[in-house]
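K.L.:
sequence unknown, structure follows:
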(Lines give C-alpha, C1' and ligand atoms only; values in the text may rest on other atoms or scores of the structure.)
Protein backbone atom coordinates (compact mmCIF):
# COMPACT_ATOMS: atom_id res chain seq x y z
CA UNK A 1 0.00 0.00 0.00
CA UNK A 2 2.84 2.38 0.76
CA UNK A 3 4.28 1.79 -2.72
CA UNK A 4 0.93 2.85 -4.20
CA UNK A 5 1.12 6.06 -2.18
CA UNK A 6 4.66 6.62 -3.44
CA UNK A 7 3.67 5.99 -7.06
CA UNK A 8 0.72 8.38 -6.80
CA UNK A 9 2.92 11.07 -5.27
CA UNK A 10 5.52 10.46 -7.97
CA UNK A 11 2.97 11.39 -10.64
CA UNK A 12 2.94 14.99 -9.38
CA UNK A 13 6.68 15.38 -8.87
CA UNK A 14 7.71 16.25 -12.47
CA UNK A 15 5.47 19.30 -12.47
CA UNK A 16 6.90 20.42 -9.11
CA UNK A 17 10.45 19.75 -10.31
CA UNK A 18 9.78 21.94 -13.35
CA UNK A 19 9.01 24.82 -10.98
CA UNK A 20 12.19 24.36 -8.92
CA UNK A 21 14.50 23.58 -11.84
CA UNK A 22 12.93 24.55 -15.16
CA UNK A 23 16.05 23.89 -17.25
CA UNK A 24 15.11 20.31 -18.14
CA UNK A 25 11.88 18.35 -17.98
CA UNK A 26 11.59 15.56 -15.42
CA UNK A 27 10.50 12.15 -16.61
CA UNK A 28 7.30 11.06 -14.93
CA UNK A 29 8.19 7.36 -15.08
CA UNK A 30 11.44 7.88 -13.20
CA UNK A 31 9.83 9.88 -10.42
CA UNK A 32 6.96 7.40 -10.09
CA UNK A 33 9.34 4.43 -9.83
CA UNK A 34 11.75 6.15 -7.42
CA UNK A 35 8.96 7.38 -5.18
CA UNK A 36 7.15 4.01 -5.24
CA UNK A 37 10.32 2.07 -4.43
CA UNK A 38 11.36 4.40 -1.58
CA UNK A 39 7.85 4.40 -0.08
CA UNK A 40 7.50 0.65 -0.58
CA UNK A 41 10.82 -0.05 1.13
CA UNK A 42 9.96 2.23 4.05
CA UNK A 43 6.53 0.60 4.25
CA UNK A 44 8.16 -2.73 5.09
CA UNK A 45 9.01 -1.36 8.55
CA UNK A 46 5.77 -0.44 10.38
CA UNK A 47 7.61 2.01 12.65
CA UNK A 48 8.77 3.96 9.56
CA UNK A 49 5.31 4.48 8.05
CA UNK A 50 5.24 7.94 9.63
CA UNK A 51 7.94 8.90 7.11
CA UNK A 52 5.82 8.28 4.01
CA UNK A 53 4.83 11.97 3.59
CA UNK A 54 8.54 12.85 3.42
CA UNK A 55 9.29 10.43 0.56
CA UNK A 56 8.01 12.63 -2.29
CA UNK A 57 9.94 15.59 -0.87
CA UNK A 58 13.14 13.52 -0.86
CA UNK A 59 12.58 12.37 -4.43
CA UNK A 60 11.86 15.95 -5.47
CA UNK A 61 15.12 17.08 -3.85
CA UNK A 62 17.02 14.38 -5.75
CA UNK A 63 15.43 15.37 -9.07
CA UNK A 64 16.17 19.07 -8.56
CA UNK A 65 19.78 18.34 -7.57
CA UNK A 66 20.27 16.08 -10.58
CA UNK A 67 18.89 18.77 -12.88
CA UNK A 68 20.66 21.88 -11.64
CA UNK A 69 23.05 20.99 -8.77
CA UNK A 70 20.81 22.79 -6.27
CA UNK A 71 19.14 21.69 -3.05
CA UNK A 72 16.59 24.41 -2.21
CA UNK A 73 16.45 25.36 1.47
CA UNK A 74 12.64 25.33 1.43
CA UNK A 75 12.55 21.68 0.34
CA UNK A 76 15.22 20.65 2.86
CA UNK A 77 13.17 22.38 5.56
CA UNK A 78 9.94 20.63 4.52
CA UNK A 79 11.74 17.28 4.50
CA UNK A 80 13.20 17.89 7.94
CA UNK A 81 9.91 18.96 9.50
CA UNK A 82 7.70 16.36 7.80
CA UNK A 83 9.97 13.53 8.92
CA UNK A 84 11.50 15.02 12.06
CA UNK A 85 8.37 15.79 14.03
CA UNK A 86 6.87 12.28 13.81
CA UNK A 87 10.25 10.68 14.56
CA UNK A 88 10.82 12.96 17.56
CA UNK A 89 7.35 12.04 18.85
CA UNK A 90 8.15 8.32 18.42
CA UNK A 91 11.60 8.53 20.05
CA UNK A 92 11.86 11.55 22.38
CA UNK A 93 14.96 10.11 24.09
CA UNK A 94 16.87 10.32 20.79
CA UNK A 95 16.32 14.05 20.23
CA UNK A 96 19.56 15.23 21.92
CA UNK A 97 21.80 12.55 20.33
CA UNK A 98 20.19 13.26 16.94
CA UNK A 99 20.86 16.98 17.31
CA UNK A 100 24.48 16.18 18.16
CA UNK A 101 24.72 13.95 15.08
CA UNK A 102 23.30 16.73 12.91
CA UNK A 103 25.78 19.23 14.37
CA UNK A 104 28.73 16.87 13.87
CA UNK A 105 27.81 16.00 10.29
CA UNK A 106 26.99 19.62 9.48
CA UNK A 107 30.32 20.81 10.90
CA UNK A 108 32.25 18.12 9.03
CA UNK A 109 30.54 18.85 5.73
CA UNK A 110 30.92 22.60 6.22
CA UNK A 111 34.65 22.11 6.73
CA UNK A 112 34.84 20.20 3.45
CA UNK A 113 32.69 22.80 1.67
CA UNK A 114 35.02 25.60 2.78
CA UNK A 115 38.14 23.88 1.47
CA UNK A 116 39.62 25.47 -1.65
CA UNK A 117 38.63 22.55 -3.90
CA UNK A 118 34.91 23.11 -3.13
CA UNK A 119 34.14 19.43 -2.60
CA UNK A 120 30.59 20.10 -1.40
CA UNK A 121 28.02 22.81 -1.87
CA UNK A 122 26.23 24.46 1.02
CA UNK A 123 23.02 22.67 -0.01
CA UNK A 124 24.82 19.36 0.54
CA UNK A 125 25.96 20.60 3.96
CA UNK A 126 22.41 21.50 5.01
CA UNK A 127 20.88 18.32 3.59
CA UNK A 128 23.58 16.17 5.21
CA UNK A 129 22.92 17.74 8.61
CA UNK A 130 19.15 17.38 8.19
CA UNK A 131 19.44 13.72 7.19
CA UNK A 132 21.79 13.04 10.11
CA UNK A 133 19.12 14.49 12.38
CA UNK A 134 16.43 12.28 10.84
CA UNK A 135 18.43 9.06 10.84
CA UNK A 136 19.61 9.86 14.36
CA UNK A 137 15.99 10.20 15.49
CA UNK A 138 15.04 6.97 13.75
CA UNK A 139 17.92 4.73 14.79
CA UNK A 140 20.55 6.61 16.76
CA UNK A 141 24.24 6.88 15.91
CA UNK A 142 24.45 3.46 14.21
CA UNK A 143 21.82 4.58 11.68
CA UNK A 144 23.71 7.84 11.09
CA UNK A 145 26.95 5.95 10.46
CA UNK A 146 25.28 3.53 8.03
CA UNK A 147 23.69 6.49 6.27
CA UNK A 148 27.01 8.28 5.86
CA UNK A 149 28.88 5.15 4.77
CA UNK A 150 26.32 4.29 2.08
CA UNK A 151 26.09 7.90 0.87
CA UNK A 152 29.85 8.17 0.47
CA UNK A 153 30.09 4.76 -1.17
CA UNK A 154 27.48 5.81 -3.76
CA UNK A 155 29.07 9.25 -4.17
CA UNK A 156 32.51 7.71 -4.56
CA UNK A 157 31.35 5.30 -7.26
CA UNK A 158 29.64 8.16 -9.08
CA UNK A 159 32.74 10.37 -8.86
CA UNK A 160 35.01 7.61 -10.17
CA UNK A 161 32.56 6.90 -12.98
CA UNK A 162 32.53 10.56 -13.98
CA UNK A 163 36.31 10.75 -13.91
CA UNK A 164 36.66 7.62 -16.03
CA UNK A 165 34.06 8.99 -18.42
CA UNK A 166 36.08 12.18 -18.81
CA UNK A 167 33.57 14.42 -17.03
CA UNK A 168 35.39 15.73 -13.95
CA UNK A 169 33.82 18.47 -11.93
CA UNK A 170 30.78 19.04 -9.77
CA UNK A 171 28.18 16.31 -9.44
CA UNK A 172 24.95 16.07 -7.46
CA UNK A 173 25.65 14.56 -4.04
CA UNK A 174 22.08 15.02 -2.76
CA UNK A 175 20.72 11.79 -4.29
CA UNK A 176 23.56 9.81 -2.68
CA UNK A 177 22.84 11.45 0.68
CA UNK A 178 19.15 10.60 0.36
CA UNK A 179 19.83 6.98 -0.67
CA UNK A 180 22.26 6.64 2.22
CA UNK A 181 19.68 7.93 4.67
CA UNK A 182 17.15 5.41 3.35
CA UNK A 183 19.69 2.68 4.07
CA UNK A 184 20.25 4.13 7.55
CA UNK A 185 16.51 4.18 8.21
CA UNK A 186 16.27 0.51 7.28
CA UNK A 187 19.34 -0.58 9.25
CA UNK A 188 17.37 -2.43 11.94
CA UNK A 189 14.79 -4.06 9.68
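P.N.:
On my side now, so go ahead. This is a predicted model, so every value here is computed, not measured.
K.L.:
relative to residue 170, how far out is residue 13?
P.N.:
To residue 170, residue 13 is 23 Å away according to Cβ to Cβ, to the nearest Å. Any C-beta I mention is one placed from the backbone N, CA and C, and that applies to glycine too.
K.L.:
swap that for residue 147, please
P.N.:
Between residue 147 and residue 170 the computed distance is 22 Å (Cβ to Cβ).
K.L.:
between residue 13 and residue 170, who's got more neighbours?
P.N.:
More crowded of residue 13 and residue 170, by other Cβ atoms under 10 Å: residue 13, with 23 against 11.
K.L.:
and that one, what element?
P.N.:
Here residue 13, judged by DSSP states H and E, is contained in helix 2-20.
K.L.:
next, the buried residues of that helix.
P.N.:
2-3, 5-7, 9-10, 13-14, 16-18, 20 (16 or more other Cβ atoms under 10 Å).
K.L.:
from the contact counts, what lies against the next helix-or-strand element following it?
P.N.:
Counting by DSSP H and E, the element after helix 2-20 in chain order, helix or strand, is helix 28-42. The helices and strands touching helix 28-42, judged by 3 or more Cβ pairs under 8 Å, 6 or more residues apart in numbering; DSSP states H and E, are helix 2-20, helix 55-68, helix 174-185.
K.L.:
reformat these as CSV; add distance to residue 103 and mean pLDDT.
P.N.:
Listed next are the helices and strands packed on helix 28-42 as CSV, based on distance: least, Cβ to Cβ, whole Å; pLDDT from 0 to 100:
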stretch, distance to residue 103, mean pLDDT
helix 2-20, 28, 84
helix 55-68, 21, 92
helix 174-185, 17, 95
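K.L.:
any chance of these in a markdown table with distance to residue 93 as columns?
P.N.:
Shown next, in a markdown table, are the helices and strands packed on helix 28-42 (distance: least, Cβ to Cβ, whole Å):
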| stretch | distance to residue 93 |
| --- | --- |
| helix 2-20 | 26 |
| helix 55-68 | 25 |
| helix 174-185 | 18 |
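K.L.:
among these, which is nearest residue 102?
P.N.:
Ranking the helices and strands packed on helix 28-42 by proximity to residue 102 (Cβ to Cβ) places helix 174-185 first, at 11.9 Å.
K.L.:
off-centre distance for the closest one?
P.N.:
Helix 174-185 sits 5 Å away from the centroid of its parent chain (Cα atoms, centre = their mean, to the nearest Å).
K.L.:
residue 109 is nearest to which of the helices and strands packed on helix 28-42?
P.N.:
For the helices and strands packed on helix 28-42, distance to residue 109 was read as Cβ to Cβ. The smallest value, 9.4 Å, belongs to helix 174-185.
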